[in-house]
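J.: following is a predicted model, sequence given first.
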Amino acid sequence: MKHIYHDDSFTLHTDLYQINMAETYWRDGIHNKRAVFELFFRKLPFGNGYAVFAGLEKVIQFIQGFRFSEEDLEYLKNEVGYKDDFLEYLKNMRFTGTIRSMKEGELVFGNEPIIRVDAPLAEAQLIETALLNIVNYQTLIATKASRIKQVVGSEVAMEFGTRRAQEMDAAIWGTRAAYLAGFEATSNVRAGKMFQIPVSGTHAHSMVQAYKDEYTAFHKYAETHKDCVFLVDTYDTLRLGVPNAIKVAKELGDKINFIGIRLDSGDLAYFSKEARKMLDEAGFKDAKIVASSDLDEYTIMNLKSQGAKIDSWGIGTKLITAYDQAALGAVYKIVAIEGDNGNMEDTIKISSNPEKVTTPGLKKIYRIINNTNHHAEGDYIAMEEEKLPEKKLRMFHPTHTYMNKIVTNFTAKELHENIFSNGELVYEIPCLEESREYLKQNLESLWDEYKRIMNPEDYPVDLSQKCWDNKMENIEEVKEKVVEMRD
Ligand SMILES: Nc1ncnc2c1ncn2[C@@H]1O[C@H](COP(=O)(O)OP(=O)(O)OP(=O)(O)O)[C@@H](O)[C@H]1O
Ligand SMILES: O=P(O)(O)OC[C@H]1O[C@H](OP(=O)(O)OP(=O)(O)O)[C@H](O)[C@@H]1O
Ligand SMILES: O=C(O)c1cccnc1
């Protein structure tokens, strides 16, 4: 038993420094001060023109289960050394704050708040790490999957990555993210069961090797399964594999549903074209060709440009591990805190890099949709109490302010929904299918220039004049303070 790890709560899924800060706030009596944090990333992953937000459902689960278990408290006491009075405070802690968030399947861009947490300071602090962990991974994989699906187009994309994923949780939630982003199926049966994702699969080389020859292996498989996709590359794809598949399909005729073949190595363009001819000549015009083997959006695009005859794509390692970018860099920054007089006061983090200076204050985020062509003109961050003009909106780049435009005849769609209100879940969680459909609609409203997988245009994420002025005032105030403190 010693080596079987017991794990009865996710609440300690945080960094030690969060608990240490919570203790400081509590001992100082400021733990219940209202604080507002925003979760956002600065740079889009993979050089993509948009990201796909995923992770909210798991965030909700985490918040609902947020309580320190007896075992957590014992551990914190005996192994980390926290004192009883503080542990008593943690014991009674529940999440009592308000969370506003974008919906899963929302298109999201750099420097815009995806989630806003408005909660007692210590609570907001303690949930940071888990929120970032969930959103960073799921959004990264959903974005990678969406890129791949853009290239795959109307053909079928199947998620095959579990064996290469960074452990079991990543396989499960990565698969969910891939389906949300438009993949049609997964080979992971547990993910299929948990999220009602269609499951699908062929067979491995091991089965051919176990029976020694392809003919016997395909035949035995066909005797036990109606739907058959035969893997044809174990020995010699065109001389043995494809002819054996055709032979078995002909012999068993209507007794099976010969779906097609899978190619997993070699020149996939050449093999698929040759195999297509062979299948067609044998009368199997509807048989499908599945391809797998280290595929990603670039290889798929390249194979298509070579005229590969592939109907279905199995994508594993490069999707589920986000092969070309290991992490999304979302951060969680405090933007306002209750002052001693009870009013909310802005907070700002200064940086020598203008892109890294946070945008202070309570804000709302809107997508500006052109009413004529129903496409998004850009996103617009305004102060919470601000009323947007109805007829004419001036949008300008927040660092290169000379880049600006006037938008007329638009709809400003607010992107945040109320998720928790004073600790109560007030959001009806959509099913995965709905979020998937929501993403599809969102992509339709995005101009193609932001969707291409290489060198897309920069999508505008602008600040309102008030929001921009407020940021500048905050920067000036901090500068003055720094001078005062230096003198
Ligand atoms: N016609 C093609 N054009 C571009 N890339 C291709 C083409 N055919 C295959 N590829 C890609 O080339 C890579 C080949 O991988 P690799 O060198 O490991 O060999 P393999 O053919 O998969 O053989 P094996 O699995 O036996 O090692 C894969 O990423 C595959 O998707
Ligand atoms: O290439 P990926 O995109 O990661 O897709 C998943 C890979 O996993 C399987 O290979 P594996 O060698 O693990 O097993 P198998 O060939 O014996 O089935 C499959 O044949 C794919 O090549
Ligand atoms: O069903 C398949 O063909 C499959 C599943 C997982 C990984 N590679 C292939």
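T.: That came through fine. Ligands and ions are numbered 1, 2, ... in the order given.
J.: rest of the way, CA atoms for contacts and neighbours
T.: OK.
J.: and the residue of the stretch 51-200 of the chain nearest ligand 2?
T.: F160 (5.1 Å; Cα to the nearest ligand atom).
J.: surely that residue is in contact with T186?
T.: Yes: counting by Cα atoms under 8 Å, F160 does reach T186; the two are 6.2 Å apart.
J.: any shared contact partners between these two?
T.: Common contact partners of F160 and T186 (Cα atoms under 8 Å, 6 or more residues apart in numbering): none.
J.: how about A269, nearest residue that isn't a chain neighbour?
T.: Using Cα to Cα, 6 or more residues apart in numbering and skipping residues adjacent in sequence, the residue nearest A269 is A308, 4.3 Å away.
J.: the one you found and E384, how far apart?
T.: 52 Å (Cα to Cα, to the nearest Å).
J.: of those two, which one has the most company?
T.: Legend: neighbour count by other Cα atoms under 10 Å for A308 and E384, higher for A308 (22 against 12).
J.: what's the nearest residue to N474 if we skip its chain neighbours?
T.: Closest to N474 by Cα to Cα, 6+ apart is I348, at 6.9 Å.
J.: tell me the contacts of that neighbour?
T.: I334, V335, V357, T358, T359, P360, N474, I475.
J.: quick one, which of those are buried?
T.: Buried subset of these (neighbour count, 16 or more other Cα atoms under 10 Å): I334, V335, T358, T359, P360, N474, I475.
J.: show me the contacts for the fourth one.
T.: Contact criterion Cα under 8 Å, 6+ apart gives V335, I348, C467, K471 as the residues in contact with T359.
J.: neighbours of the last one, just the number please.
T.: Right, K471. 21.
J.: pretty sure it sits in a helix.
T.: Yes: if the criterion is DSSP: H, G, I helix; E, B strand; the rest coil, then K471 is within a helix.
J.: excluding residues flanking it in the chain, which one is nearest K247?
T.: Nearest one to K247, counting by Cα to Cα, 6+ apart, is Y215 at 7.9 Å.
J.: longest helix anywhere in this structure?
T.: helix 128-152 (DSSP state H).
J.: packing partners of it?
T.: On a contact count with 3 or more Cα pairs under 8 Å, 6 or more residues apart in numbering; DSSP states H and E, helix 128-152 meets strand 51-52, helix 56-64, helix 167-180, helix 297-305, helix 317-320, strand 331-338.
J.: where's the residue nearest to L180 when sequence neighbours are not counted relative to A178, distance?
T.: Take L180 and drop its neighbours on the chain: the residue closest to it by Cα to Cα, 6+ apart is R436, 4.6 Å away. Counting by Cα to Cα, the separation of R436 from A178 is 10 Å.
J.: G110 now?
T.: 21 Å.
J.: repeat for K349
T.: For K349, the distance to A178 equals 34 Å [Cα to Cα].
J.: which residues does the closest residue in space to S101 that isn't next to it in sequence contact?
T.: Using Cα to Cα, 6+ apart and skipping residues adjacent in sequence, the residue nearest S101 is I115, 4.2 Å away. Applying Cα under 8 Å, 6+ apart, we find I115 in contact with E38, L39, F40, I99, R100, S101, M102, H416.
J.: neighbours of K83, how many?
T.: The tally of other residues near K83 (other Cα under 10 Å) stands at 12.
J.: just give the closest residue to N48, not the sequence neighbours.
T.: The shortest distance from N48 to any residue other than its chain neighbours is 5.9 Å, reached at I453 (Cα to Cα, 6+ apart).
J.: my guess is that neighbour meets P45, correct?
T.: No: if you go by Cα under 8 Å, I453 and P45 don't touch, sitting 11.1 Å apart.
J.: so the two - more neighbours on which side?
T.: P45 (24 against 19).
J.: if you count what's nearby, which of K349 and A178 comes out ahead?
T.: A direct count of neighbours by other Cα under 10 Å for K349 and A178 places A178 higher, at 32 against 15.
J.: can you read off the pLDDT for the more buried one?
T.: Note on A178: pLDDT of 99.
J.: go on, R486?
T.: For R486, pLDDT reads 83.
J.: swap in K356?
T.: We have a pLDDT of 88 for K356.
J.: and it, how many neighbours?
T.: By other Cα under 10 Å, 12 other residues sit near K356.
J.: ok, it touching K333?
T.: No: at 11.0 Å, K356 does not count as touching K333 under the criterion of Cα under 8 Å.
J.: what's the neighbour count on E167?
T.: Per other Cα under 10 Å, the neighbour tally for E167 reads 10.
J.: and if you look at A170?
T.: Residues contacting A170 under the criterion other Cα under 10 Å number 20.
J.: I figured Q325 hits F46, correct?
T.: Yes: using Cα under 8 Å, Q325 is in contact with F46, at 6.4 Å.
J.: so between those two, which is more surrounded?
T.: Applying other Cα under 10 Å to Q325 and F46 shows that F46 carries more neighbours, namely 20 against 13.
J.: mind listing which of the contacts of I348 are in strands?
T.: The strands, defined by DSSP state E, take in I334, V335 from these.
J.: inside helices: which ones of the contacts of I348?
T.: Using DSSP H, those in helices are N474, I475.
J.: nearest to K33, of the contacts of I348?
T.: I334 (12.6 Å; Cα to Cα).
J.: beta partners of the closest one?
T.: F37 (DSSP bridges).
J.: contact partners for it?
T.: By Cα under 8 Å, 6+ apart, I334 lies in contact with A35, V36, F37, E38, T347, I348.
J.: now, among those residues, which is nearest to ligand 3?
T.: Each of these was scored against ligand 3 by Cα to the nearest ligand atom, and E38 proved nearest at 37.9 Å.
J.: what is the burial count for the residue nearest to the closest one when sequence neighbours are not counted?
T.: Computed as Cα to Cα, 6+ apart, the closest residue to E38 that is not its neighbour in sequence is R116, at 4.6 Å. Around R116 there are 27 other residues, counting by other Cα under 10 Å.
J.: now the one 3 residues further on
T.: Neighbour count for A119, taken as other Cα under 10 Å: 25.
J.: likewise for T98?
T.: Neighbours of T98 (other Cα under 10 Å): 21.
J.: that one contacts N422, correct?
T.: Yes: checked against Cα under 8 Å, the pair T98 and N422 is within contact range at 5.0 Å.
J.: where does the stretch 301-450 of the chain dip in pLDDT?
T.: Nowhere does the stretch 301-450 of the chain drop to pLDDT under 70.
J.: can you pull out the helices in it?
T.: 317-320, 432-444, 448-451 (DSSP state H, counting those that start in this stretch).
J.: burial measure for Y50, as a count.
T.: Neighbours around Y50, by other Cα under 10 Å: 28.
J.: again, but for E484
T.: Neighbourhood size, E484 [other Cα under 10 Å]: 9.
J.: and the residue positioned nearest the centre of the chain, how far from R176?
T.: Nearest to the geometric centre of the chain sits T139, at 1.6 Å (Cα atoms, centre = their mean). Going from T139 to R176 by Cα to Cα gives 11 Å.
J.: no further questions, thank you.
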